[in-house]
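J.: missing the sequence, but the structure's below:
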DNA sequence: AGTTAGCACTCGGCAAGCCGGAGTGCTAAC
DNA sequence: GTTAGCACTCCGGCTTGCCGAGTGCTAACT
């Protein structure tokens, strides 16, 4: 059986209506959308064939048809007519993001919130991965005689701190030494290059201070790990509870699943570059059955760096939301490059 | 009508059962709990009087009775027998918190999570208020030729950063100057003492650099404001969706309300010191009808400083959870003092 | 006077049964 | 290949009836 023109038109129409109403689509409702060129009986025949081909299914006998995941796949890849953002919408996004753009994390946070609000879905974003980023600067700041804060600035604009506690009172001298050694050894290194061996090497090169500084080195290691890892941010979970497609139990299960950031993170990083739409069970995750994910990457300094997208019901308005997400990603990339400026990679450490 | 011994015992028993089962309590169920000393008919009579006095109510004729908010109030203030934590539980809490205690914010975060998990409610915590805390140190770190990060360390152990962007390329000299002036003017100041006038004064004292540094001063002002403000942290929202007492719609409404952090923050700071239980409508907030809040303050360096507590259904296990929350608060205070150490207030700025 | 057994009554919740409507598949005619 | 017509299916909402839990009241008992 072949997917001829008319079948495609019918399938498109079914998906359009289903996205709009969320209810099974019957043959009569389609007559008008096809210019009354055929009767409902003909459409019924076509729909039966589409069902046999796996594009449509019935919730039960004598109900209308709903599109399958395969149909959505085809729709997104071939049939859909993109609904580009208006100039006004774009300016709105640009303005808002530019306004919020101090540091990258805040920028991503604002974008996430806006995206969730505009789409009515859950927005999912990751902060820029630090993996490829280099360390620009390390600082050691005393808090009390027994504790100090480590500060790490990376090339991707991240600024992170971590507090560590020492076992014994530690002198200014030792801290000074620690700071120097850390900078000497690790400035310019890529975050992903720093592992336990390097840290252990530090214990040696610190000599007599080595043991004393162990907690700090440990904290530094953790700090590096945390900075290298992309943080997954979810916004708008409440949207899910309000959505008619999610009965409470399903919403709860999905939210429970999404609470496991490590799974989600894996899912996101496993994706190829460029825009990607995962429809329902395609993800191999039963919890995501009945939900779709649209994600893309935003870029920082040329390469893809973090993810931004939405998670919502199968019947999302792909034609509108895909361009929206693409625009968000583009805008974020642009602003990030602006923030990070031309000095990306140069190490400047004053004071 | 007087609340005699037997009425009190009956009321207590009704509340105990209701807390356990969540269902209206009938007269027969109470016979056993009162040592079979009276028959169900007698209990019925007493219950009718308790209902007339406003302590019990019926969801409908011919159903059992459920305790009113007034009954819970009485129960918590007078009737309840506290169910203290076991030595083992305490050690568990201590261990976990000590382990997680790098910086105050992380400590609070961990405590919040643990509390939510142990109680099955939403945990609500605030980070230490910086209001009374002094500024220990300010640092200015260059990011690019057009941007820099401000770092602020406060006496309450908070470490915050904020990135600012300049309009024009800014020299190392200017940044150096800015850093010096900021430290000179504000180190040792209490966070709440810094207002716009002081910031404006800075523009003058920076002379020719004043205008150039305006974005940084603006960022600094925001940084101070953010640091002074207690941040409200909610954990375990999913617990609400799982709880049988919350039908989905109510859960959603409550969560929507809780999303307004400013309202919640107001609610928390308006409370007197010491442990406080707000039962249902006592809060004057219709959204909190049917929910209870238990909060107390944890201390830092002698004075009360932040809040920790839970939000959940009316029928919480007060006898168990109140001691638990008190212990969490006590333990947090102890650990905070340990972290902050004896140097609280001393300004040490190396490098 | 306080307590208790007995009884009629009330009401929510559940299952069964009924019906209307929407939509289908099939057949026969165009 | 298309269409009208028709019998059929099944969901969803509605009504009905029944069961059980629990009450309030009354009359008898201690």
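T.: Thanks, I have the structure now. All of these numbers come straight from a predicted model, not from anything done at the bench.

J.: distance check, the closest residue to DNA strand C within chain A against residue A:78.
T.: Closest contact between chain A and DNA strand C, by Cβ to the nearest atom of the strand, is at residue A:26 (3.0 Å). Quick note: C-beta positions are derived from backbone N, CA and C, even for glycine. Look at residue A:26 and residue A:78: by Cβ to Cβ, to the nearest Å, they are 24 Å apart.

J.: who's more crowded, these two?
T.: Using other Cβ atoms under 10 Å in any protein chain shown as the criterion, residue A:26 and residue A:78 rank with residue A:26 on top: 18 against 10.

J.: what packs against the longest helix along chain A?
T.: Ranked by number of residues, the top helix in chain A under DSSP state H is helix A:318-340. Where contact means 3 or more Cβ pairs under 8 Å, 6 or more residues apart in numbering or on different chains; DSSP states H and E, helix A:318-340 is packed against helix A:87-100, helix A:104-119, strand A:291-300, strand A:303-313, strand B:135-144.

J.: now do 7 Å
T.: Helix A:318-340 sits against helix A:87-100, helix A:104-119, strand A:291-300, strand A:303-313, with contacts defined as 3 or more Cβ pairs under 7 Å, 6 or more residues apart in numbering or on different chains; DSSP states H and E.

J.: where does pLDDT dip in the stretch 101-250 of chain A?
T.: Applying pLDDT under 70 to the stretch 101-250 of chain A picks out no residues at all.

J.: about what we covered before: how about the nearest residue to the residue of chain A closest to DNA strand C once chain neighbours are set aside, phi and psi?
T.: Once flanking residues are discounted, residue A:26 sits nearest to residue A:64: 3.9 Å by Cβ to Cβ, 6 or more residues apart in numbering or on different chains. Dihedral pair for residue A:64: phi -70, psi -170, per degrees, to the nearest 10.

J.: how deep is residue A:64 tucked in, by neighbour count?
T.: 20.

J.: check contacts around it.
T.: Listed by Cβ atoms under 7 Å, 6 or more residues apart in numbering or on different chains, the contact partners of residue A:64 are A:24, A:25, A:26.

J.: now the residues you listed in CSV, with pLDDT and distance to DNA strand D?
T.: Below are those laid out as CSV (pLDDT from 0 to 100; distance: Cβ to the nearest atom of the strand, whole Å):
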residue, pLDDT, distance to DNA strand D
A:24, 95, 10
A:25, 96, 15
A:26, 95, 12
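
J.: okay, buried residues for the longest helix of chain A please.
T.: In terms of neighbour count (16 or more other Cβ atoms under 10 Å in any protein chain shown), helix A:318-340 has its buried residues at A:318-333, A:335-336, A:339-340.

J.: of the helices and strands packed on helix A:318-340, which is nearest residue A:145?
T.: When those are compared by Cβ to Cβ, helix A:104-119 sits nearest residue A:145, at 31.6 Å.

J.: what pairs with the helix or strand that the closest one is followed by, parallel or antiparallel?
T.: The helix or strand immediately downstream of helix A:104-119 is strand A:122-126, counting by DSSP states H and E. Strand A:122-126 has the following strand partners under DSSP bridges: strand A:232-235 (antiparallel), strand A:303-313 (antiparallel).

J.: contacts for the longest one next, please.
T.: Pointing back at strand A:303-313 there. Contacts for strand A:303-313 (Cβ under 7 Å, 6+ apart): A:108, A:111, A:115, A:119, A:121-129, A:230, A:243, A:245-246, A:268, A:273, A:290-299, A:321, A:325, A:328-329, A:332.

J.: quick one: buried ones out of those?
T.: Buried among the contacts of strand A:303-313 by 16+ other Cβ under 10 Å: A:108, A:111, A:115, A:119, A:121-129, A:230, A:243, A:246, A:268, A:290-299, A:321, A:325, A:328-329, A:332.

J.: can you count the residues close to residue A:271?
T.: Burial of residue A:271 is recorded as 17 neighbouring residues (other Cβ under 10 Å).

J.: thought residue A:80 was touching residue A:8, still the case?
T.: No - here residue A:8 does not reach residue A:80: they are 11.4 Å apart, not a contact under Cβ atoms under 7 Å.

J.: who's residue A:276 bridged to?
T.: On the basis of DSSP bridges, residue A:276 is bridged to residue A:295.

J.: please list the residues of chain A that sit near DNA strand D.
T.: Contact residues (Cβ under 7 Å from any atom of the strand) of chain A with DNA strand D: A:38, A:39, A:41, A:42, A:45, A:59, A:60, A:61, A:62, A:63.

J.: show me the residues you listed that map onto helices.
T.: Those of those lying in helices (DSSP H): A:41, A:42, A:45.

J.: DNA strand C next: which of these are close?
T.: Among these, proximity to DNA strand C is found for residue A:41 (Cβ under 7 Å from any atom of the strand).

J.: which of the ones in helices among the residues of chain A next to DNA strand D ranks first by neighbour count?
T.: residue A:42 (15 neighbours).

J.: neighbours around the closest residue to residue A:127 other than its chain neighbours, how many?
T.: Take residue A:127 and drop its neighbours on the chain: the residue closest to it by Cβ to Cβ, 6+ apart is residue A:231, 4.5 Å away. Other residues lying near residue A:231 total 18 when counted by other Cβ under 10 Å.
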